[in-house]
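**Student:** From the sequence below, what's the structure:
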Amino acid sequence: MKRILLVEDDPNLGLLLQDYLQLKGKFDVVLCKDGEEGLKAFTKQNFDLLILDVMMPKTDGLEILQRIKELHPRCEVIMLTAITSLQVAEKAMSLGAFDLIGKPFDVVDLRQKVIRAVAKVARNSIEPAPSSLLFNS
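**Tutor:** Model prediction:
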């Protein structure tokens, strides 16, 4: 079963997406409520795909994307955002995001993008990154 790390600070949306992707997509989805929690999960577990909200407390999705891509350039990441700014889209794509999805969105469309992103992954899982490389201690 493919594993997804979902980092979304809206608890209702996070649980909805987690349930939907688990039931309809047959994915194992780990939900984290903020950027710091997401980075910690990434350092401890293997994932096939990451779904990151852009605007989050503590560490935003673009910063997480940048840190992860520096360590795992082939890691596939889908960004979710309520910000419709062209600058945010350009930044996410320049940092290596697989796709950027604006909120509100159709969950069926998200599932299709997740399936395409998982299919693109060249290996079975992403090795957890050492926490010392992701966190400024």
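**Student:** and the spatially most central residue of the chain, what pLDDT?
**Tutor:** The residue lying closest to the centre of the chain (Cα atoms, centre = their mean) is Ile51, at 2.2 Å. Here, the pLDDT recorded for Ile51 equals 96.
**Student:** Might one say that Gly61 is in contact with Gly35?
**Tutor:** Yes - here Gly61 reaches Gly35: they are 6.8 Å apart, a contact under Cβ atoms under 8 Å. Just so you know, the C-beta spots here come from the backbone N, C-alpha and C atoms, and that holds for glycine as well.
**Student:** which one of the two has more residues nearby?
**Tutor:** When Gly61 and Gly35 are compared for neighbours, Gly61 comes out ahead with 27 against 23, by other Cβ atoms under 10 Å.
**Student:** sec struct for the nearest residue to the more buried one once chain neighbours are set aside, please.
**Tutor:** Nearest non-adjacent residue to Gly61, counting by Cβ to Cβ, 6 or more residues apart in numbering: Leu52, 3.8 Å away. Of the three states, Leu52 takes strand under DSSP: H, G, I helix; E, B strand; the rest coil.
**Student:** This protein: helices as residue ranges?
**Tutor:** For the chain, the helices defined by DSSP state H occupy 11-23, 35-44, 61-71, 86-94, 107-120, 131-134.
**Student:** hmm, back to that, give the full set of residues in contact with the residue nearest to the centre of the chain.
**Tutor:** Ile4, Leu5, Leu6, Val7, Glu8, Leu17, Val77, Ile78, Met79, Leu80, Val114 (Cβ atoms under 8 Å, 6 or more residues apart in numbering).
**Student:** Buried residues, stretch 39-54. List them.
**Tutor:** For stretch 39-54, the neighbour count (16 or more other Cβ atoms under 10 Å) marks Leu39, Ala41, Phe42, Thr43, Phe47, Asp48, Leu49, Leu50, Ile51, Leu52, Asp53, Val54 as buried.
**Student:** Pick the one among the contacts of Ile51 closest to Gly102.
**Tutor:** Among the contacts of Ile51, Leu80 lies closest to Gly102 (Cβ to Cβ), at 8.1 Å.
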